[in-house]
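Visitor: take this sequence and fold it.
(4 chains)
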2 protein chains.
Amino acid sequence: MTNQPGIAVSTVIFALREGEGNKGLPALWLPLVRRTREPYLGDWALPGGPLSLEESLADAARRHLASTAGLTPRYLEQLYAFGDLARSGAERVVSIVYWALVGSAEASAAQEGNNVCWFSADELPTLAFDHQRIVDYALWRLRNKVAYAQIAHRLLGETFTLAQLRTVYEAILQRPLDPANFRRYVLARKQLEDTGAVLEGVPNRPPRLYRYVDASREQQPF
Amino acid sequence: MTNQPGIAVSTVIFALREGEGNKGLPALWLPLVRRTREPYLGDWALPGGPLSLEESLADAARRHLASTAGLTPRYLEQLYAFGDLARSGAERVVSIVYWALVGSAEASAAQEGNNVCWFSADELPTLAFDHQRIVDYALWRLRNKVAYAQIAHRLLGETFTLAQLRTVYEAILQRPLDPANFRRYVLARKQLEDTGAVLEGVPNRPPRLYRYVDASREQQPF
DNA sequence: GCAAAAGTGTTGCGACTACACCCATGA
DNA sequence: TCATGGGTGTAGTCGCAACACTTTTGC
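Guide: Okay, the predicted model is just below:
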């Protein structure tokens, strides 16, 4: 191992911000950090940093989430390893990128400042390196995965109404969903449990609160 | 980048071998390399090696395919980056693993010997490192992807009959498929073109030969 | 003609879509 | 009682599975 590329771990972190999307829907937001050195000095980049010898890849991702934005992910999955020759300026770096979902309570409590700033996922500033391409891919994966896996609830809290869950789907998929059919769709997946409680303080019929239960195995062996 | 893990690129290479599976079906085979140094000296491992500074990840995978087994992949896709602490013995190595499909003509012409040997995918010897887990994951991905993407034909030649393509599916999915329904299924995908030619020298009605055409975009942006 | 595989027709079921409709609550 | 979203019913469409059936070849 005489002369090898460096290894970095970065993460695309998705959270939901209320009422910022089309027609008052929630929208996807993500935190970026401002670069404090060359190359791309002053540009915005994905949170991340070099992989140290004594931590696993996922641990490195989690550590950077906590240290830069004070976040703990509700969902974390490896996205891709980016290793093109020209992607990182003069020195060669292979970036192993993760993507994460954080809950709504935690996202709204997250610190800004400290060179960290949140942006709407479809109105990003100019990004450093190939990070725009990476975000595009992460968005593509998120939209794909939401269509077949039960992960959207991880952008909410512990309990949620079906209407809240539906607006998450609508924000991610960027199209309206029929409330009646959506209800049947998610309930048929057998991953939601009726808590018995209802949401109070709404000006109409109070909706039931549901909780996610992972009865079945995860799809991937990791 | 003072003290960082090393980077290796390895590949799980799948090919089809005729008449080796259940009931004379083809079966999935893959080439392994015998280790010539510690750790795991003498055990079988996935083809691969360290990533050098002047090649991209996919190029490194392709180079190892060519140099160890003399193969050119018909399909190559990144599988996963494995980076657990204890996976590589004393020194820390992150392996970026690809998986590949090679055509039948090329697979049967591939060199054995030279510390390279082909094995049936479900009767592997004891593998070095975490390579058994990697192969399991690659098999899982292959079986999943065959169910929704048109890639099985890449284990055959340029042209093929629908019956040949069906046996590929059957070998991968390990269950019989209805010939009538399979025909309609793949033709409905609009990715096969009738060459006009038929396969001669069979003891019954000669089947048409088809060719793959990629009318639509790839799913992933890479 | 017969065997065997290629290829076509037909039916039924299950999942999703569209949309009509009823229910429960606050104001 | 009305407006509003929660929640249920129902009919049509589409894709696929099952399987009967016809076609085309070698022997």
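Visitor: and A:Ala105, that's in a helix?
Guide: Yes: under DSSP: H, G, I helix; E, B strand; the rest coil, A:Ala105 falls within a helix.
Visitor: show me where pLDDT drops low in chain A?
Guide: Applying pLDDT under 70 to chain A picks out residues A:1-2, A:20-23, A:215-222.
Visitor: what parts of it come near chain B?
Guide: A:1, A:3-7, A:50-57, A:78, A:80-81, A:83-85, A:91-94, A:96, A:133, A:136-137, A:140, A:220-222 (Cβ under 8 Å from any Cβ of the partner chain). Heads up, the C-betas are built off the backbone N, CA and C, glycines and all.
Visitor: narrow those residues to those in strands?
Guide: A:6-7, A:50, A:78, A:80-81, A:93-94, A:96 (DSSP state E).
Visitor: buried ones among those?
Guide: By neighbour count, with 16 or more other Cβ atoms under 10 Å in any protein chain shown, those hold A:6-7, A:78, A:80-81, A:93-94, A:96 as buried.
Visitor: farthest pair in the residues you listed?
Guide: A:Gly6 and A:Gln78 (18.2 Å; Cβ to Cβ).
Visitor: doesn't A:Arg35 make contact with A:Gly42?
Guide: Yes: A:Gly42 is within contact range of A:Arg35, at 6.3 Å (criterion: Cβ atoms under 8 Å).
Visitor: between those two, which has more neighbouring residues?
Guide: Using other Cβ atoms under 10 Å in any protein chain shown, the more surrounded residue of A:Gly42 and A:Arg35 is A:Arg35, with 17 against 11.
Visitor: pick the one among the ones in strands among the residues of chain A next to chain B closest to DNA strand C.
Guide: Using Cβ to the nearest atom of the strand, A:Gln78 comes nearest to DNA strand C of these, at 26.8 Å.
Visitor: mind listing what that closest one touches?
Guide: Residues in contact with A:Gln78 (Cβ atoms under 8 Å, 6 or more residues apart in numbering or on different chains) are A:57-58, A:96-98, A:222, B:80-81.
Visitor: what do you get for A:Ala66?
Guide: Contacts of A:Ala66 (Cβ under 8 Å, 6+ apart): A:Thr72.
Visitor: for DNA strand C, see how far away it is.
Guide: To DNA strand C, A:Ala66 is 37 Å away according to Cβ to the nearest atom of the strand, to the nearest Å.
Visitor: now do the same for that residue: helix, strand or coil?
Guide: Per three-state DSSP, A:Ala66 ends up helix.
Visitor: immediately after the longest helix belonging to chain A, which helix or strand?
Guide: The longest helix of chain A (DSSP state H) is helix A:131-148. Following helix A:131-148 in sequence order, the next helix or strand is strand A:159-160 (DSSP states H and E).
Visitor: is that following strand anywhere near DNA strand D?
Guide: No: contact of strand A:159-160 with DNA strand D is not found when judged by Cβ under 7 Å from any atom of the strand; the minimum separation is 10.6 Å.
Visitor: that strand: partners in the sheet, and parallel or antiparallel?
Guide: strand A:208-212 (antiparallel) (DSSP bridges).
Visitor: do the partner strand and DNA strand D meet?
Guide: Yes: if you take Cβ under 7 Å from any atom of the strand as the test, strand A:208-212 does meet DNA strand D, through A:Arg208.
Visitor: what parts of chain A come near DNA strand D?
Guide: Residues of chain A lying near DNA strand D (Cβ under 7 Å from any atom of the strand): A:161-163, A:179-181, A:183, A:198, A:203-208.
Visitor: I'd like these as JSON lines, with neighbour count and secondary structure appended.
Guide: Formatted as JSON lines, the residues of chain A next to DNA strand D follow (neighbours: other Cβ atoms under 10 Å in any protein chain shown; DSSP: H, G, I helix; E, B strand; the rest coil):
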{"residue": "A:Thr161", "neighbour count": "17", "secondary structure": "coil"}
{"residue": "A:Leu162", "neighbour count": "17", "secondary structure": "helix"}
{"residue": "A:Ala163", "neighbour count": "14", "secondary structure": "helix"}
{"residue": "A:Pro179", "neighbour count": "10", "secondary structure": "helix"}
{"residue": "A:Ala180", "neighbour count": "8", "secondary structure": "helix"}
{"residue": "A:Asn181", "neighbour count": "9", "secondary structure": "helix"}
{"residue": "A:Arg183", "neighbour count": "16", "secondary structure": "helix"}
{"residue": "A:Val198", "neighbour count": "13", "secondary structure": "strand"}
{"residue": "A:Pro203", "neighbour count": "4", "secondary structure": "coil"}
{"residue": "A:Asn204", "neighbour count": "5", "secondary structure": "coil"}
{"residue": "A:Arg205", "neighbour count": "6", "secondary structure": "coil"}
{"residue": "A:Pro206", "neighbour count": "12", "secondary structure": "coil"}
{"residue": "A:Pro207", "neighbour count": "14", "secondary structure": "coil"}
{"residue": "A:Arg208", "neighbour count": "14", "secondary structure": "strand"}
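Visitor: from those, pick the one nearest chain B.
Guide: Distance to chain B across the residues of chain A next to DNA strand D (Cβ to the nearest Cβ) is lowest for A:Asn181, with 22.5 Å.
Visitor: hmm, back to that, most widely separated two among the contacts of A:Gln78?
Guide: The widest separation within these (Cβ to Cβ) is 15.4 Å, between A:Val97 and A:Phe222.
Visitor: so which of those two has more stuff around it?
Guide: When A:Val97 and A:Phe222 are compared for neighbours, A:Val97 comes out ahead with 23 against 11, by other Cβ under 10 Å.
Visitor: quick one: residues contacting the residue nearest to that one when sequence neighbours are not counted.
Guide: Excluding the flanking residues, the one nearest A:Val97 by Cβ to Cβ, 6 or more residues apart in numbering or on different chains is A:Leu79, at 4.5 Å. Going by Cβ under 8 Å, 6+ apart, A:Leu79 touches A:12, A:97-99, A:134, A:137-138, A:141.
Visitor: please parse chain A into its domains.
Guide: A:6-148, A:152-212 (automatic domain parsing).
Visitor: these into JSON lines, with extra columns for distance to B:Trp29?
Guide: Below are the domains of chain A laid out as JSON lines (distance: least, Cβ to Cβ, whole Å):
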{"stretch": "domain A:6-148", "distance to B:Trp29": "27"}
{"stretch": "domain A:152-212", "distance to B:Trp29": "37"}
